[in-house]
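Novice: return a 3D structure for these sequence lines:
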Amino acid sequence: MLRSMTGFGASSHEEDELLLQVEVRSVNHRHLLVKSRLTGEFSFLEGEVEALVKKRIARGSITVNLATTRARGGEAAQIQPEVARRYQVQLEGLAEQLGLPGEVTLSTLISLPGVVASAVSDVTESKQAQRAVLSTIDEALGRMVEMRETEGAAIADDLTRNAAAVSKLVERIEKRMPNVVRTHQKNLEKRVNELLADRQGLSVTDMAREVAILADKLDVSEEVSRLKSHLTQLEAFVAKGGRVGRKLDFLVQEVFREVNTIGAKCSDAKVAHWVVDAKTHVERLREQVQNVE
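Specialist: Coordinates of the predicted model:
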């Protein structure tokens, strides 16, 4: 199955009164680029988040957003009396040693690290919370991948339709080319005879040589053969699916090259019209493969 490089996934989870909300977005990019926007207390998980993304995604610019909020009824902070008591003893002892006046006040103790412990910090420091964050992100990634696959299926259908249209036009061109060569041959002979008029005409050998040169200039059999091969490979890659975006991009470039060469070689009006139609479909192919993983 083909995958698009654009997608979105979201997930949420509550862990110890901490609400985790994750959004993952993906857009086109030549390679894999991961941007993690995690709340401060979980920023240290960026490496593990990138590893999660790499397991699921090969190409695209991926942005992972994590927001954390306290659930209703949860305590915002917790007082640690034992920590405050140890601070008090140490500070009073230090004041006595230095001969400094003053008492240790409550406001002084509260301002010291660890006396007032954030409930959020307690949660984020736990291994269980970290696993919950990674699990929630992985779930959002899974939903984004599902969306990329859904869009990829639509892209595959469009690629198949346009490739089939190009194939039909190539068949028409291939069938018409012998008539084109014969028409140009007759026109050449007529033109030569008109120019020479009563003068001595060209020999059969000279005329045959000129016709051969003309036929060679108009010959697009090699381009048609390569074009058919490229289209067959393209259809095979689309059917196979997977991470084939770069291969499809290369093939479509080659298809455009061959179609362009056919148009440059042949001056027939019908063929020129078919070449224009083919280029329209190839341009659609070029647009679509840019979005394939």
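Novice: domain ranges for the chain?
Specialist: 7-74+120-150, 81-114, 151-289 (automatic domain parsing).
Novice: any chance of CSV for those domains, columns distance to Met1 and mean neighbour count?
Specialist: Heads up, the C-betas are built off the backbone N, CA and C, glycines and all. Converted to CSV, those look like this (distance: least, Cβ to Cβ, whole Å; neighbours: other Cβ atoms under 10 Å):
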stretch, distance to Met1, mean neighbour count
domain 7-74+120-150, 6, 17
domain 81-114, 53, 12
domain 151-289, 4, 16
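Novice: turn those domains into TSV, including mean pLDDT.
Specialist: Shown next, in TSV, are the domains of the chain (pLDDT from 0 to 100):
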stretch	mean pLDDT
domain 7-74+120-150	88
domain 81-114	81
domain 151-289	83
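Novice: in the stretch 101-250 of the chain, which spans are strands?
Specialist: 116-118 (DSSP state E, counting those that start in this stretch).
Novice: off-centre distance for stretch 236-249?
Specialist: The chain centroid and the centroid of stretch 236-249 are separated by 13 Å under Cα atoms, centre = their mean, to the nearest Å.
Novice: so how far is the first residue of that stretch from its last?
Specialist: Its first and final residues considered, stretch 236-249 spans 14 Å by Cα to Cα, to the nearest Å.
Novice: which residues does it contact?
Specialist: 1-3, 5, 58-59, 152, 156, 159-160, 163, 234, 251, 289-293 (Cβ atoms under 8 Å, 6 or more residues apart in numbering).
Novice: now do 7 Å
Specialist: Applying Cβ atoms under 7 Å, 6 or more residues apart in numbering, the external contacts of stretch 236-249 come out as 1-2, 58-59, 156, 159-160, 234, 289-290, 292-293.
Novice: likewise for stretch 24-36?
Specialist: Residues contacting stretch 24-36 (Cβ under 7 Å, 6+ apart): 5-9, 46, 49-50, 53-54, 57-64, 140-141, 144, 148, 290-291.
Novice: contacts for stretch 133-148?
Specialist: Contacts of stretch 133-148 (Cβ under 7 Å, 6+ apart): 3-5, 7-13, 20, 22-24, 26, 42, 45, 48-49, 52-53, 56, 64, 66, 293.
Novice: looking at those residues, which are in strands?
Specialist: 7-13, 20, 22-24, 26, 64, 66 (DSSP state E).
Novice: just how off-centre is stretch 55-66 within its chain?
Specialist: Chain-centre distance of stretch 55-66: 10 Å, with Cα atoms, centre = their mean.
Novice: returning to what we had before: turn the ones in strands among the contacts of stretch 133-148 into a markdown table, columns for distance to Val170.
Specialist: Below are the ones in strands among the contacts of stretch 133-148 laid out as a markdown table (distance: Cβ to Cβ, whole Å):
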| residue | distance to Val170 |
| --- | --- |
| Gly7 | 34 |
| Phe8 | 38 |
| Gly9 | 40 |
| Ala10 | 45 |
| Ser11 | 47 |
| Ser12 | 52 |
| His13 | 54 |
| Leu20 | 54 |
| Val22 | 48 |
| Glu23 | 45 |
| Val24 | 42 |
| Ser26 | 35 |
| Val64 | 45 |
| Leu66 | 51 |
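Novice: specify which member of these is nearest to Asp277.
Specialist: Nearest to Asp277 out of those is Gly7 (Cβ to Cβ; 32.6 Å).
Novice: grab the nearest non-local neighbour of Glu258.
Specialist: Of all residues not flanking Glu258 in the chain, Leu227 sits nearest, at 4.2 Å (Cβ to Cβ, 6 or more residues apart in numbering).
Novice: surely that neighbour meets Glu171?
Specialist: No: with contacts counted by Cβ atoms under 7 Å, Leu227 stays clear of Glu171, the gap being 10.5 Å.
Novice: helices of the protein, residue ranges please.
Specialist: For the chain, the helices defined by DSSP state H cover 46-56, 81-98, 106-110, 119-125, 127-196, 204-218, 221-240, 245-265, 269-289.
Novice: tell me which of those sits nearest to Leu38.
Specialist: helix 46-56 (6.4 Å).
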